[in-house]
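Visitor: After the sequence you'll find the predicted model.
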Amino acid sequence: MSAPREQFSSKTGFVMAAAGSAIGLGNIWGFPTQTASNGGAAFVVIYFILAFVLAYPALMAELIIGRHARANVVTSLRHISNGKKSYALASGVGFYGVITASLILSFYAIVAGWMLAYLFESITQMLGWTQASEWLTGFGLQRNLIFMGLFMAMTMAIISSGIKGGIEKWSTRLMPMLLFIMIALTVYVMTQDGAMEGLRVYLLPDFSQINPGLILDAMGQAFFSLSLGVGTMLVYGSYLSKQDSLPKLGAAVTLVDSSIAFLAGLLIIPAIFVAQKNGVTVFTESGDMIAGPDLIFQVLPSLFDSMGDMGLIVAFAFFSLMSIAAVTSSISMLEVPVSYMTEETPASRHQSTLIVGLIIAAISAIILFNFNDLFGLVIDLTTVYSQPILGVLMCVFVGWIWHRNNLLEELKAGHDNIESTLFWKIWPNYVRFVCPALILATFIRAL
Ligand code: PHE
């Protein structure tokens, strides 16, 4: 506790890290598959509206709490509470966030492990090592455990090095790579036969597709994609300097995250149609587009196979992209429990990372041993239920519990004449009334 608290070294450092957290499997896999299974472009439109109208204000709530309190999620919420009851609520919400972030990581590490396995497979295939390739792409318990462990080890190594030397350094290195690979892949896919049909499905909305289920999916997707509710953004905000304007940084992160999701759709949806042109089965017997894991681990690999030698390179690039996206997100999840432990117990950052990392890896192992019962359940519990509920609670803290003057003071820091902006006029009441009401309404309606 005694060492001075670390900070991001610059605005860019923060934006890279926060965008790295936000841009993950949720963007490159979740968003295009949700789009595909929710009828295409109409989902894209609703998603963008919700990202800016709901998720951005909620993101701001987290960033501002974190930067004000400069502490982990539990301590930060306690800091802005104003009495015994709200202090207890703060502890409850804080720990709920810490546990949810850890559980998200426990399934995320499994999925990210598959990406790593497929990345290795693109190499074994180039080398002609068929047996290794079969093992890497088979759904074996051993393979799943090994690659989950490998991915957790990478995540832990980065978090153990701290904010500047770990999170910021790796995010600034990896995010430009991610963007480069993504653009290159998209351009390549666009030149293939069938891509234009995919583009049409992706870009021409059919508004008759909009229904409560679609809206809930879009909201869940927006919350997951911006890493909201679980304290990730709160903790990243706590490493920001008072000289930076929060509304601007938050808007930048939201914009970058949504743009990358959009770009991912430009890559994946046309790729599905190219695959179909190449003779790959892309629709299930009931006529729906194959969306879940089968899309990434069957449809796309078959597409790469059908591309000949070029396919090997494309596969390598694609699974590198997925792995990079995953690791810049997983570090932000691990930072939530680790920052709590480092700040509130005598354990050092290295020790905290090791202990928390091992516990989460053990949970991932339990999920793998009981895959059919637990995998889907943990995903639903954390992303469909806990994230929106926690999102509402964060808004309640900012809008109802935190002393209004202190909130406004914090908002002013780093942003000259903010009083003349629309943000200043709208946001404080917006998080107080509109955000919680909208999130709850969407949630209840869809249940
Ligand atoms: N935003 C990440 C993604 O899109 C997932 C995430 C959720 C990260 C919650 C941190 C916290 O994949």
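Guide: Arrived safely, thanks for sending. Numbering: from 1, shown residues only.
Visitor: what's the helix or strand for G113?
Guide: For G113, the host element (DSSP states H and E) is helix 84-127.
Visitor: gap between that helix and the chain center?
Guide: From the chain centre to the centre of helix 84-127 is a distance of 9 Å (C-alpha atoms, centre = their mean, to the nearest Å).
Visitor: One more: stretch 40-58?
Guide: With C-alpha atoms, centre = their mean, you get 15 Å for stretch 40-58.
Visitor: Any buried residues in stretch 247-262, and which?
Guide: 247-254, 256-258, 260-262 (16 or more other C-beta atoms under 10 Å). Glycine gets a C-beta too; all of them are placed from N, C-alpha and C.
Visitor: Narrow the residues you listed to those in helices?
Guide: Mapping the buried residues of stretch 247-262 onto helices (DSSP state H) picks out 247-254, 256-258, 260-262.
Visitor: May I have the predicted confidence score for the residue of the stretch 301-447 of the chain found nearest the ligand?
Guide: Using C-beta to the nearest ligand atom, S329 is the residue of the stretch 301-447 of the chain that sits closest to the ligand, at 4.2 Å. Here the pLDDT value assigned to S329 is 98.
Visitor: which SSE is it in?
Guide: helix 309-344.
Visitor: likewise I181?
Guide: helix 169-190.
Visitor: I'd like the mean pLDDT over that helix, please.
Guide: On average, the pLDDT along helix 169-190 is 95.
Visitor: Can you give me the buried ones in the helix or strand just after it?
Guide: Remark: after helix 169-190, the chain's next helix or strand is helix 195-203, criterion DSSP H and E. Neighbour-count burial for helix 195-203, with 16+ other C-beta under 10 Å as criterion, is recorded at A195, E197, G198, L199, V201, Y202.
Visitor: Per-residue pLDDT of the residue of the stretch 151-300 of the chain found nearest the ligand, please?
Guide: Per C-beta to the nearest ligand atom, S227 is where the stretch 151-300 of the chain lies closest to the ligand, at 3.4 Å. What the model reports for S227 is a pLDDT of 95.
Visitor: Report the contact partners of E344.
Guide: Neighbouring residues of E344 by C-beta atoms under 8 Å, 6 or more residues apart in numbering: N72, V74, T75.
Visitor: from these, which ones fall inside helices?
Guide: V74, T75.
Visitor: Which neighbouring elements make contact with the helix holding G113?
Guide: Packing partners of helix 84-127 (3 or more C-beta pairs under 8 Å, 6 or more residues apart in numbering; DSSP states H and E): helix 25, helix 73-79, helix 130-137, helix 141-160, helix 309-344, helix 349-369, helix 371-379, helix 387-396.
Visitor: could you dump those helices to JSON lines with distance to G231?
Guide: JSON lines is the format used below for the helices and strands packed on helix 84-127 (distance: least, C-beta to C-beta, whole Å):
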{"stretch": "helix 25", "distance to G231": "19"}
{"stretch": "helix 73-79", "distance to G231": "3"}
{"stretch": "helix 130-137", "distance to G231": "35"}
{"stretch": "helix 141-160", "distance to G231": "15"}
{"stretch": "helix 309-344", "distance to G231": "5"}
{"stretch": "helix 349-369", "distance to G231": "14"}
{"stretch": "helix 371-379", "distance to G231": "18"}
{"stretch": "helix 387-396", "distance to G231": "8"}
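Visitor: Now G66: closest residue in space that isn't a chain neighbour?
Guide: Once flanking residues are discounted, G66 sits nearest to G237: 3.1 Å by C-beta to C-beta, 6 or more residues apart in numbering.
Visitor: how deep is the one you found tucked in, by neighbour count?
Guide: 28 (other C-beta atoms under 10 Å).
Visitor: That one contacts D244, correct?
Guide: No: contact status for G237 versus D244: not in contact, 9.9 Å apart, counting by C-beta atoms under 8 Å.
Visitor: Lovely, talk soon.
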